[in-house]
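>>> kindly generate the corresponding structure for this input.
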Amino acid sequence: WLQSVAVRVIKSGKIPSHIAVIMDGNRRFARKQNMQSVEGHVQGFDKLAEVLYWCSELGVTEVTVYAFSIENFKRCKEEADGILDLALKKLRNMLSEMDKIHEHGVCIRVLGNLSYLPVELQSVVAEVVYQTQANTRCFLNICLSYTSRDEICK
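Sure, this is the predicted structure:
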């Protein structure tokens, strides 16, 4: 109920067409909650799903998510692998929910230096991007394995 009221209030003003989200603070959150850092990332992804729903409700047509920087590979292997495994799981879920994605007209684009990613993740990314490329109602840009420096040097 409160969320629907908040949406109506926000809609009374100008809504941006594009919003960017930096996925930061999941480790700090996990530490404060005495959780494994990977669990903080799981909860961060769950919150992102809520944010994407809110954006859809508000009429935001493009969302860019900075999900995994090349710098994240410098973290301990267990944490980096945990985040990449989580990304793989979420992208596979997208493949299984493709009917809903098409129904909402979502085009999913994945940006970054994907050659750094595990081959299995690259394959699933390619499939999600391919299956949604004709959708034009709204856009979800997922930045994986990116840095601004890497983008400039390409």
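
>>> ok so N141 is a strand residue?
Yes: counting by DSSP: H, G, I helix; E, B strand; the rest coil, N141 falls inside a strand.

>>> that one and S12: what is the separation?
27 Å (C-beta to C-beta, to the nearest Å). C-beta coordinates here come from the backbone N, C-alpha and C atoms, glycine included.

>>> compare neighbour counts for these two and give me the winner.
N141 (16 against 8; other C-beta atoms under 10 Å).

>>> bridged to that one, which residues?
Counting by DSSP bridges, N141 forms beta bridges with T64, R109.

>>> what's it in contact with, if anything?
Applying C-beta atoms under 8 Å, 6 or more residues apart in numbering to N141 gives the contacts 62-65, 109-111.

>>> let's see it at 7 Å
Residues in contact with N141 (C-beta atoms under 7 Å, 6 or more residues apart in numbering) are 64-65, 109, 111.

>>> between these, which has the most around it?
Highest neighbour count within those: V65, with 21 neighbours (other C-beta under 10 Å).

>>> go ahead and confirm that one touches M23.
Yes: between V65 and M23 a contact is recorded at 6.5 Å, counting by C-beta atoms under 7 Å.

>>> overlap in contacts, those two.
With C-beta under 7 Å, 6+ apart, V65 and M23 have common neighbours L48.

>>> which secondary structure elements does the lengthiest helix in the chain contact?
Assignment by DSSP state H gives helix 37-58 as the longest helix of the chain. Judged by 3 or more C-beta pairs under 7 Å, 6 or more residues apart in numbering; DSSP states H and E, the packing partners of helix 37-58 are helix 2-11, strand 18-22, helix 26-32, strand 62-69, helix 77-96.

>>> now it: how far from the chain's centre is it?
How far helix 37-58 lies from its chain's middle: 8 Å, per C-alpha atoms, centre = their mean, to the nearest Å.
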